[in-house]
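Enquirer: Give me a model of this one.
(one chain, ligands or ions: 3)
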Amino acid sequence: MSTLIRGGTVVNATGAVAADVLVQGEKIAALVAPGFEVQADTVIDATGKYVIPGGIDGHTHMEMPFGGTSSVDTFETGTIAAAWGGTTTIVDFAVQAKGTSLLSTLDKWHSKADGNCAIDYGFHMIVSDVNDTSLKEMESCIDAGVNTFKMFMAYPGVFYATDGEILRAMQKARETGATIMMHAENGIAIDQLVAQAIANGDTDPVQHALTRPPELEGEATSRAIALAKVTGAPLYIVHLSAAQALDAVTKARDTGQNVFAETCPQYLYLSIEDLAKPDFEGSKYVASPPLRPKEHQGELWRGLRTNDLSLVSTDHCPFCFKDQKELGRGDFSKIPNGIPGVEHRIDLLHQGVVRGELTVERWVEISSTTPARMFGLYPRKGVIAPGADADVVVYDPMARQTLSVETHHMNVDYSAYEGMELTGKVSTVLSRGKVVVDDDGFHGGAGHGRFLGRDLNQYLV
Ligand SMILES: NC(=O)NCCC(=O)O
Ligand SMILES: [Zn+2]
Ligand SMILES: [Zn+2]
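Expert: Ligands and ions are numbered 1, 2, ... in the order given. Below is the predicted model of the structure:
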């Protein structure tokens, strides 16, 4: 089965060129100069459109247990929503519960995801119990294609790891070539501020941000960077939200330290003003780190332009307003943490191109190519080139759309971006050569997506 995507502009991180893309089976077979005659079973007209590598969202939480409830997108619903938005690979987090092993955790996440994903998927591992056994088990995880391990400086008593535990895990990462991913917020100090706010009767959602000040993200980020430097391990800061944290990352990168950071669309577009919305509406925007005052957004866009921020992931972690966010009415600390967004990352970042903040190549780089490199998937993913998986998005840069819960495909009862008007929209999505989304709707299904055992990250600052 062959498909020719004809008449578009192929955009890679390295440049944009008018070319036709020939897909044979699951792979890209060739890029062909426009006008050359090529036989194919099917032709997709991409005139006036971009042809880009499928998005790679390196930070999602499908079916994730949190605070006595669970994120509401299943691997099936979440990966279908991702495909609608032009994302053809996710890397989701398996979550080690304290007292359990990493390998049993991996088995558990495979049983949730295998046979249920509509696009390709891999796993990171959240390590919440650092001990001799789990450190040894990191080696088996790496053999099983899971070589990125997230740790938490936040959430004492749940996921929190001490500096000593982080140091030991980083030493293991240095020894094995793995990467430590860090949730960098000073959870010990934050817990004090939270307890004080609640004791004062300050219980509204906005308190979530006021008790997690940006300085405590900056401090934790600096500490993680110092620990990484001492051990010689590469470090990946997840969901960076604050200018203070970006400053620490920028300085480390300027000295050549292998420190990388992602930000997320919610930190680029939403702010503490959303958390302050009345009638408990603010709960829809509770995630950690919290949404910041608007002035942080400009710094994050600057970081994306200058490559101090390497990539953008969603941290998609959907909890319904009704019944789930409601758990924290009267006590903001009980609001499940997370914001939905897996469907909108490519479109929201495209606004940076529309506004002239990002080049079209940089848009592709931060949403597909760099995640592929960072997470050991390149050049199988993240590039339109012969031999790569035919994960291809035909993107109409002129189409208009309005984001809404009425039209999104995520399994959640609100949109964090309700009413936002965007320029640009996905036209057609191929996942390993199969058209899964086009003008007629969704043609993929659970089970099409394959597990991706990932290579070690070879990517350097
Ligand atoms: N970010 C968030 O609030 N929820 C998901 C878990 C995490 O990434 O820390
Ligand atoms: Zn986190
Ligand atoms: Zn997360």
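Enquirer: and the lowest-mean-pLDDT helix or strand in the chain, is it in reach of ligand 1?
Expert: Ranking every helix and strand in the chain by mean pLDDT, DSSP states H and E puts strand 65-66 at the bottom, with a mean of 93. No - using C-beta under 6 Å from any ligand atom, strand 65-66 stays clear of ligand 1, coming no nearer than 6.9 Å. Using the backbone N, CA and C atoms, a C-beta is placed for each residue, glycine as well.
Enquirer: C-terminal to that strand, what's the next element?
Expert: strand 69-70 (DSSP states H and E).
Enquirer: what does the helix or strand following that next one contact?
Expert: Helices and strands here follow DSSP H and E; after strand 69-70, the next one along the chain is helix 75-84. With contacts defined as C-beta atoms under 8 Å, 6 or more residues apart in numbering, helix 75-84 is touched by 55, 57, 60, 62-63, 73, 88, 90, 92, 112-113, 116-119, 121, 316, 318, 342-343, 408-411, 426, 429, 431, 436-437, 442, 444, 446, 449.
Enquirer: for stretch 196-208, same thing?
Expert: Residues outside stretch 196-208 that contact it (C-beta under 8 Å, 6+ apart): 194, 210-211, 272, 275-277, 280, 282-283, 285-286, 288, 290, 328, 330-333, 335.
Enquirer: One more pass at 7 Å, please.
Expert: Here stretch 196-208 makes contact (C-beta atoms under 7 Å, 6 or more residues apart in numbering) with 211, 272, 275-276, 280, 282-283, 286, 290, 330-333, 335.
Enquirer: what two of those are the furthest from one another?
Expert: 272 and 330 (20.5 Å; C-beta to C-beta).
Enquirer: who has more neighbours, those two?
Expert: A count of neighbours by other C-beta atoms under 10 Å puts residue 272 above the other of residue 272 and residue 330, at 18 against 11.
Enquirer: pLDDT value on that one, please?
Expert: The score at residue 272 is 98. That number is its pLDDT.
Enquirer: check contacts around it.
Expert: Counted by C-beta under 7 Å, 6+ apart, residue 272 has contacts 206, 209, 291-293.
Enquirer: from those residues, which ones fall inside strands?
Expert: Per DSSP state E, strands hold no members of those.
Enquirer: Could you list the buried residues of stretch 451-461?
Expert: Residues 451-452, 454, 457, 459 are the ones in stretch 451-461 that count as buried (16 or more other C-beta atoms under 10 Å).
Enquirer: Now do stretch 76-89: distance to the chain's middle.
Expert: 12 Å (C-alpha atoms, centre = their mean, to the nearest Å).
Enquirer: wait, isn't residue 377 in contact with residue 454?
Expert: Yes - contact status for residue 377 versus residue 454: in contact at 6.0 Å, counting by C-beta atoms under 7 Å.
Enquirer: count of residues packed around residue 223?
Expert: 17.
Enquirer: List the residues that contact it.
Expert: residue 163.
Enquirer: What about it? Give its phi and psi, please.
Expert: Backbone torsions of residue 223, given as degrees, to the nearest 10, read phi -70, psi -40.
Enquirer: Residue 234 now?
Expert: phi -70, psi 150.
Enquirer: Just give the closest residue to it, not the sequence neighbours.
Expert: residue 258 (3.9 Å; C-beta to C-beta, 6 or more residues apart in numbering).
Enquirer: same thing with residue 145?
Expert: residue 453 (2.5 Å).
Enquirer: try residue 311
Expert: Using C-beta to C-beta, 6+ apart, the closest residue to residue 311 is residue 370 (4.4 Å).
Enquirer: number of nearby residues for that neighbour?
Expert: Residue 370 sits with 25 neighbouring residues when counted by other C-beta under 10 Å.
Enquirer: surely it meets residue 307?
Expert: No - counting by C-beta under 7 Å, residue 370 sits too far from residue 307 to count as a contact (8.9 Å).
Enquirer: Tell me the one among the buried residues of stretch 451-461 nearest to residue 145.
Expert: Of the buried residues of stretch 451-461, the one sitting nearest to residue 145 (C-beta to C-beta) turns out to be residue 454, at 5.2 Å.
Enquirer: who's in contact with the nearest residue to that closest one once chain neighbours are set aside?
Expert: Nearest non-adjacent residue to residue 454, counting by C-beta to C-beta, 6+ apart: residue 376, 3.8 Å away. By C-beta under 7 Å, 6+ apart, the residues touching residue 376 are 147, 454-457.
Enquirer: how about a cut-off of 8 Å?
Expert: Taking C-beta under 8 Å, 6+ apart, one finds 147, 454-458 in contact with residue 376.
Enquirer: Any idea what residue 10 is bridged to?
Expert: residue 17, residue 51 (DSSP bridges).
Enquirer: Surely it touches residue 51?
Expert: Yes - the criterion here is C-beta atoms under 8 Å, and residue 10 meets it with residue 51 at 4.8 Å.
Enquirer: In the protein, which residue is most central in space?
Expert: residue 313 (2.5 Å; C-alpha atoms, centre = their mean).
Enquirer: Residues of this protein that sit close to ligand 1?
Expert: Residues of the chain lying near ligand 1 (C-beta under 6 Å from any ligand atom): 61, 183, 239, 287-288, 315, 317, 337-338.
Enquirer: how about the nearest residue to residue 313, chain neighbours excluded?
Expert: residue 59 (3.4 Å).
Enquirer: State the number of residues packed around that neighbour.
Expert: Using other C-beta under 10 Å: residue 59 sits among 26 other residues.
Enquirer: Checking whichever residue of the stretch 301-450 of the chain sits closest to ligand 1 next. Helix, strand or coil?
Expert: Nearest to ligand 1, among the residues of the stretch 301-450 of the chain, is residue 337, at 3.2 Å (C-beta to the nearest ligand atom). Under DSSP: H, G, I helix; E, B strand; the rest coil, the three-state class of residue 337 is coil.
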